[in-house]
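1. Kindly generate the corresponding structure for this input.
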Amino acid sequence: MGERSVKLYVQPDGSRLALMPIPVNTKPGRYEVEYLDRNGLAMGTLPVTVRDGRFPTQNIVISKSTSELKPAPGEQEAVNVFRTSVSEVRLWLEPFERPVPGCMTSPFGVRRLHNKKPTGDYHAGLDQRGDAGTPIHAITGGTIKIAKMFNLRGGTVAIDHGQGVASIYMHMSRVTAAEGAVVRAGDVIGEVGSTGRSTAPHLHWTFYVYGVPVNPLQWIKVAPCTAGK
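-> So this is what the prediction gives:
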């Protein structure tokens, strides 16, 4: 689709599956998905309509010291390697589980303001409310690729679920997962905190398909927080 190509993987039942991510800034309109053979020649097309997500803006009140936090040496590079690496074996199964039970304080895709000033960025993940120390669970099976205390992201765990699917969890008070470990859905990987660029205890997590942040609410139901809750 456009300049992006994804692989069709053979599944256990003999079917083939490919996931095509649509970046949040994709212009709405009609597109075509091409089916390519091993030589890259088109065998057929399928029309796809990308609709306007109508993502709102959201203002975050943040201190100057917090807003000026920068990634530690190697932090961004480690996350970039994680995002761009694709493993062949599928470890994920549906339905996915919520990482924490809390309601949603910030949805995917909102255009972020810091102290009412545009950041030029959007919220690439989903924020859920959680008290400090609340256990964080893997949303599905996978391999732990990052389990570190970072400067910007705070306590961070990144999981490769296989065949282009991955997730990352940030701002943890404690990381309990170990790099290289294989986890199953529901396994505890850390605890909610407010480390890194964070203003209060919560869980920020991002769901990736081939390194592109996509809306977790397409996979998991999380109710938005209401006044007083």
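2. where does residue 217 fall, phi/psi-wise?
-> With angles defined as degrees, to the nearest 10, residue 217 sits at phi -70, psi -10.
3. Give me the phi and psi for residue 98.
-> phi -70, psi 140.
4. wait, I meant residue 80
-> phi -60, psi -40.
5. burial measure for it, as a count.
-> 11 (other C-beta atoms under 10 Å). (Each C-beta comes from the backbone N, C-alpha and C, glycine too.)
6. do residue 55 as well
-> For residue 55, using other C-beta under 10 Å, the count is 16.
7. give me the low-pLDDT residue ranges for this structure?
-> Applying pLDDT under 70 to the chain picks out residues 227-229.
8. how close does residue 204 get to residue 79?
-> If you measure residue 204 against residue 79 using C-beta to C-beta, to the nearest Å, the figure is 13 Å.
9. swap that for residue 6, sorry
-> Residue 6 is 21 Å from residue 79, by C-beta to C-beta.
10. So for those two, which sits in the more crowded spot?
-> Legend: neighbour count by other C-beta under 10 Å for residue 6 and residue 79, higher for residue 79 (21 against 17).
11. got a list of what the more buried one touches?
-> 146, 153, 158, 168 (C-beta atoms under 8 Å, 6 or more residues apart in numbering).
12. before we move on, what SS does it have?
-> In three-state terms, and counting by DSSP: H, G, I helix; E, B strand; the rest coil, residue 79 is helix.
13. Break the protein down into its domains, please.
-> Under the assignment automatic domain parsing, the domains of the chain span 1-54, 74-107+124-218.
14. Ok, which of those comes nearest residue 118?
-> Each of the domains of the chain has some distance to residue 118 by C-beta to C-beta; the shortest is domain 1-54, at 14.6 Å.
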